[in-house]
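Participant: Would you be able to build a 3D model of this:
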Amino acid sequence: MADKFVVIRVSGLPAPWTSPKRGRGRGCIPTPASERMKAWQARVTLAATAAMRGIDRLDGPVALALTFDLENESATVVVEPSTEPRAHTKRPDLTNLIKSTEDALRGIAFKDDAQVAVLMAQKVGK
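Facilitator: This next block holds a predicted model:
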């Protein structure tokens with residue numbers, strides 16, 4: 001599958017990551033935002049499962065391109081093998097590195113990380 005890619009189209013309004021509120025001694029309390037996130041993740045899982053039917057899951061480094069269309073309430077995900085020879089596939093997760101860096105830049109390089117409209121990132125090394 002080195003020369004192929006998978007396109008996954010997801011219908012519905014994309015929802016950002018959020019965590020449920022913690023209740024005193026009651027564990028986590030779901031919030032409307034966390035419920036929207038779970039619904040979005042379920043739609044992504046369903047669409048990805050359908051798109052990957054008959055295709056082996058990618059092993060090794062992958063390239064991921066995400067397009068979130070908030071006006072038309074949809075998303076397009078492209079997954080393909082990465083050609084980066086130094087791709088780093090162990091922890092930490094690239095998304096967590098991105099989020100911590102965006103948070104550090106907030107208020108300095110830009111007012112809010114919600115301003116980030118295009119993102120290209122990679123993780124390389126041993």
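
Participant: Tell me the buried residues in the helix ranked longest in the chain?
Facilitator: The helix that spans the most residues within the chain, counting by DSSP state H, is helix 32-51. By neighbour count on 16 or more other Cβ atoms under 10 Å, the buried set for helix 32-51 is Ser34, Arg36, Met37, Trp40, Arg43, Val44, Ala47, Ala51. C-beta: built from backbone N, CA, C; applies to glycine.

Participant: Which other helices and strands does that helix contact?
Facilitator: Other elements packing on helix 32-51 under the criterion 3 or more Cβ pairs under 8 Å, 6 or more residues apart in numbering; DSSP states H and E are strand 6-11, strand 74-81.

Participant: re the thing from before, among the buried residues of helix 32-51, name the least confidently predicted one.
Facilitator: Checked by pLDDT, the buried residues of helix 32-51 have Ser34 as the lowest-scoring entry (84).

Participant: My guess is that residue contacts Pro20. True?
Facilitator: Yes. Using Cβ atoms under 8 Å as the test, Ser34 is close enough to Pro20 to be in contact (4.5 Å).

Participant: Can I get the helices and strands packed on helix 32-51 in CSV including distance to Val62?
Facilitator: Conversion of the helices and strands packed on helix 32-51 to CSV gives the following (distance: least, Cβ to Cβ, whole Å):
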stretch, distance to Val62
strand 6-11, 10
strand 74-81, 6
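
Participant: Which stretch among these is buried most, on average?
Facilitator: Each of those was scored by mean neighbour count; the highest is strand 74-81, a mean of 17, by mean count of other Cβ atoms under 10 Å.
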